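> Coordinates for the following, if possible.
(chains A and B)
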Protein chains: 2
Amino acid sequence: MKIIEGGITAANGFYAAGLFAGIRKKRKDMALIYSKVPCKAAGTFTTNLIKAAPVKWDMEIVKLSPYAQAIVVNSGVANACTGRTGIEYCKEMAEAVSLNLNIPQESVLVASTGLIGKQLPMDKILSGIENLVPILGNSLNDGTMAAEAILTTDTRKKELALELELGGKKVVIGGMSKGSGMIHPNMCTMLSFIATDISISKELLQEALSTDVKDTYNMISVDGDTSTNDTVLLLANGMAENPEITEKNDDYYKFLDALNYINTYFSKRIAEDGEGATSLLEVNVINANDKEQARKLSKSIITSNLTKIALFGHDLNWGRIICAMGYSGANFNPEIVDLYFESVAGKVKLIENGVEIFYNKELAKDILSAAEVMITVDIQMGNEKATAWGCDLTYDYVKINAAYSS
Amino acid sequence: MKIIEGGITAANGFYAAGLFAGIRKKRKDMALIYSKVPCKAAGTFTTNLIKAAPVKWDMEIVKLSPYAQAIVVNSGVANACTGRTGIEYCKEMAEAVSLNLNIPQESVLVASTGLIGKQLPMDKILSGIENLVPILGNSLNDGTMAAEAILTTDTRKKELALELELGGKKVVIGGMSKGSGMIHPNMCTMLSFIATDISISKELLQEALSTDVKDTYNMISVDGDTSTNDTVLLLANGMAENPEITEKNDDYYKFLDALNYINTYFSKRIAEDGEGATSLLEVNVINANDKEQARKLSKSIITSNLTKIALFGHDLNWGRIICAMGYSGANFNPEIVDLYFESVAGKVKLIENGVEIFYNKELAKDILSAAEVMITVDIQMGNEKATAWGCDLTYDYVKINAAYSS
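Numbering: from 1, shown residues only, chains lettered A, B, ... in the order given. This next block holds a predicted model:
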């Protein structure tokens, strides 16, 4: 497995485009992804009871349609809490893509991200779709244009592509992602689109995705708010012509590894690009009894406002970390916990068996001042572990969100 | 029932004192509460797995001792995550109070609040206790000195006293409270001390408190972080000489009403004095199927960072409110939800049957700019309701917490 240049258009047969359709004030706001041939599609979606119209649409398509062939995305308006009109508008988007690309309407996936509660400006959306189709392309730049068009408060585009060999054939997985605020995935978050030319059964494609999001998108938090629009879509068009994966053989696990790599990459990029963030925080809980315990503890730490603000202030307030573990709902013995801070500046142990030990405070402060900080909590109970990602909580997070809809 | 002047010393037989013992930098940091005669004691405590040493101590006393007679409190250091030394220090505090007041050690309750992970400065604590005993008094001022000494980042002291008649006797309930950050009670929060001269059985005293915290302290959130030290203690010394309440008769429910009044008062004061807060937010969920559903929904809204920041920015971003309801875990039908904003500036309906309706945006912004804002969500399912309290999330919250331990 190796990293190659590109993103959503890296795999054979995938085309993309992005443009400014006038939904947002100045930035690109519509993207289209298209595969030359029909794809098997897998998806994971927000568990928020309030699901945006496109989430409801995609859940149906992924479940009922044998194939998908295009994804149309807009930023600026989320098409959530928009009632029947919102559902109609979502269908109209799929219909317009279907007509313009001459593919079945049930093979068009839709995604929206932005402000909740507003209706889509359908005139702009429909002319956006008409203008996207002729500029579809499979160059690096075409993928990048699409990756830029799906951003909202993100400050950086998020793309990655991997190449691996399966059954003697070169296989490529590429993707793009967005997410910056309202990030606390419970069954994936935000928008992530992965396109691969692998040949695999629809069932295993979905299983691979559902398994992997538990350790990737579901382990990040920017602000504890689970969005109404969280969507991860994975398309596989089979053009690599590897022997189709229909059982959990070596090829399946190789694919799972590659998928995990790309999803972990996007999860970290989303966490580090959290609204107003100045640093990426990685929390490892090690030597847990089981995976679920490790996940609960690490996610509780990463979600704690007070821990995130202490990180922003480079403040050695480790009590907040232990406190967040305590209210996580996971059981552990606080009297045998060890805790470490680590970054490019070095590594330091602060707690041994639940109490503070002598440590170099200057060094610890330097460690917390790095752009990527790792906290490791050893709960000394078993052999399982989990990792969660987040960011610091800063003045700018408040600033960005105090006037978001105004 | 009427409000009278005073706080923790308002009820017959209760004395208090507060002073500066040198634990904090400049502000008063130790308080002592004492009853002339032994009291029945009830308590509710943090559900955080990490419980501070004094929480563990008080849980034992409330459970096993028939009587309590004094509460010693320090601010500045929480005595949490302090291992065996912390437990020893807590016992030494109780022992010193016991010796100085000549009462059994098992009748002394202890509470600490402040930084987690540091050991108590026992020399200062012990001389603090010696200096507190001679200045115990039952004037308004003595109560206020104690109420001031338990504060940390709070900007205002919190005291209240009520008078009511039970069985022909005048009965008084007085109390004091503190709390400003790390506020997300799950079984009470922060520190609250209530002293009454009522005569009531220990069992019903505890039941009254346990029932009431579900609708008061447990319904507030400043930052979603459940503290390691949350403690509510309720002492009843029987000096009012009302017929002892030993069953759930009219007198019991009168007492419960008064207790609810005082606990609601303190809950709102804590929420409005949330670290960095500029406004108090009250969320009512009405016409729910059951109480638990209403509580979950209102608490989820009050805990949402994005809702709290929108309030700070007076931003009409109601989508965040609906989003927070959606991930609350409580079921409801988003398509029949109505939503209102209300304050001294007026009242406005924003959502009807789940979608935005035409409303006066100027007025809505004025409503959100008030010092007390009420959001009412009508879920049109049944007849139950719940109220939660919180505050806005501001630059100052970040500022206060970015260098708390430094």
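> excluding its backbone neighbours, what's nearest the closest residue to chain B within the stretch 151-300 of chain A?
For the stretch 151-300 of chain A, the residue closest to chain B is A:Thr226, as judged by CB to the nearest CB, at 3.9 Å. Backbone N, C-alpha and C define where each C-beta goes, glycine included. Leaving aside its sequence neighbours, A:Thr226 sits nearest to B:Tyr327 (CB to CB, 6 or more residues apart in numbering or on different chains; 3.9 Å).
> tally of neighbours for that neighbour?
Neighbour count of B:Tyr327, defined by other CB atoms under 10 Å in any protein chain shown: 21.
> ok, now A:Asp257?
A:Asp257 has 14 neighbours, counted by other CB under 10 Å.
> same check, this time on the one 4 residues further on
Using other CB under 10 Å, A:Tyr261 has 18 neighbouring residues.
> Specify the local secondary structure of A:Ala294.
What DSSP: H, G, I helix; E, B strand; the rest coil gives for A:Ala294 is helix.
> From A:Gly114, how far off is it?
34 Å (CB to CB, to the nearest Å).
> Between the two, which is the more surrounded one?
Neighbours were counted for A:Ala294 and for A:Gly114 using other CB under 10 Å; A:Ala294 has more, 26 against 21.
> what sits against A:Val108?
A:Val108 makes contact with A:61, A:68-72, A:93-94, A:97-98, A:101, according to CB atoms under 8 Å, 6 or more residues apart in numbering or on different chains.
> So which of those are in strands?
Using DSSP state E, the subset of the contacts of A:Val108 located in strands is A:68-72.
> which of the residues you listed lies closest to B:Lys36?
The closest of the ones in strands among the contacts of A:Val108 to B:Lys36 turns out to be A:Ile71 (CB to CB; 75.1 Å).
> give the contact list for that closest one.
By CB under 8 Å, 6+ apart, the contact list for A:Ile71 reads A:32-33, A:108-111, A:193, A:233, A:235.
> That one pairs with what?
With DSSP bridges as the criterion, A:Ile71 is bridged to A:Ile33, A:Leu109.
> for chain A, what spans make up the helices?
Assigned by DSSP state H, the helices in chain A fall at A:53-64, A:83-101, A:122-132, A:140-149, A:202-213, A:250-272, A:291-303, A:305-312, A:319-326, A:361-368, A:395-402.
> Reformat these as JSON lines; add distance to B:Met374 and mean pLDDT.
Supplementary listing: the helices of chain A in JSON lines, determined by distance: least, CB to CB, whole Å; pLDDT from 0 to 100:
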{"stretch": "helix A:53-64", "distance to B:Met374": "30", "mean pLDDT": "94"}
{"stretch": "helix A:83-101", "distance to B:Met374": "25", "mean pLDDT": "97"}
{"stretch": "helix A:122-132", "distance to B:Met374": "36", "mean pLDDT": "98"}
{"stretch": "helix A:140-149", "distance to B:Met374": "40", "mean pLDDT": "96"}
{"stretch": "helix A:202-213", "distance to B:Met374": "38", "mean pLDDT": "94"}
{"stretch": "helix A:250-272", "distance to B:Met374": "35", "mean pLDDT": "92"}
{"stretch": "helix A:291-303", "distance to B:Met374": "27", "mean pLDDT": "93"}
{"stretch": "helix A:305-312", "distance to B:Met374": "24", "mean pLDDT": "90"}
{"stretch": "helix A:319-326", "distance to B:Met374": "30", "mean pLDDT": "90"}
{"stretch": "helix A:361-368", "distance to B:Met374": "40", "mean pLDDT": "94"}
{"stretch": "helix A:395-402", "distance to B:Met374": "20", "mean pLDDT": "84"}
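> low-scoring stretches of the stretch 151-300 of chain A, by residue?
Low-confidence segments of the stretch 151-300 of chain A (pLDDT under 70): A:181-189.
> so how far is A:Ser35 from A:Asn100?
15 Å.
> higher neighbour count, these two?
Of the pair A:Asn100 and A:Ser35, A:Ser35 is the one with more neighbours under other CB under 10 Å, namely 26 against 18.
> Stretch A:293-309 and chain B in contact?
Yes - counting by CB under 8 Å from any CB of the partner chain, chain B has neighbours in stretch A:293-309: A:303-306, A:309.
> Type out the PyMOL command that picks the buried ones from those.
Applying 16 or more other CB atoms under 10 Å in any protein chain shown to the residues of stretch A:293-309 next to chain B, the buried members can be selected in PyMOL as follows:
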select buried, chain A and resi 303+304+305+306+309
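> circling back to that earlier point, so which of the helices of chain A gets nearest A:Gly6?
helix A:140-149 (5.2 Å).
> got the angle between that closest one and helix A:122-132?
170 degrees (axes from the mean of the first three to the mean of the last three CA atoms, to 10 degrees).
> Okay, domains of chain A per the record?
Chain A breaks down into these domains under automatic domain parsing: A:2-272, A:280-402.
> Look at A:Lys399 and say how many residues are nearby.
Applying other CB under 10 Å, we find 15 residues neighbouring A:Lys399.
> what's the spacing between it and chain B?
Counting by CB to the nearest CB, to the nearest Å, the gap from A:Lys399 to chain B is 8 Å.
> tell me which residues form a beta bridge with the closest residue to A:Tyr261 other than its chain neighbours?
Once flanking residues are discounted, A:Tyr261 sits nearest to A:Leu162: 6.2 Å by CB to CB, 6+ apart. A:Leu162 has these beta-bridge partners by DSSP bridges: A:Ile3, A:Ile173.
> these two touch, right, A:Leu162 and A:Ala258?
Yes - using CB atoms under 8 Å, A:Leu162 is in contact with A:Ala258, at 5.1 Å.
> Which neighbours do the two have in common?
Counting by CB under 8 Å, 6+ apart, the shared contacts of A:Leu162 and A:Ala258 are A:1, A:173.
> which ones are touching A:Leu72?
Leu isn't right for residue A:72; it's Val. Contacts of A:Val72 by CB under 8 Å, 6+ apart are A:30-33, A:93-94, A:97, A:108-111, A:129, A:132.
> And it, how close does it get to chain B?
Per CB to the nearest CB, A:Val72 is found 22 Å from chain B.
> how close does that residue sit to A:Ile33?
For A:Val72, the distance to A:Ile33 - CB to CB - is 8 Å.
> Nearest residue to A:Gly382 in space, please, no chain neighbours.
Closest to A:Gly382 by CB to CB, 6+ apart is A:Asn289, at 4.2 Å.
> Pretty sure the one you found sits against A:Lys385.
No - contact between A:Asn289 and A:Lys385 fails when scored by CB under 8 Å: they sit 10.9 Å apart.
> Please say which of those two ends up with more neighbours.
With neighbours defined as other CB under 10 Å, A:Asn289 and A:Lys385 compare such that A:Lys385 has more, 18 against 15.
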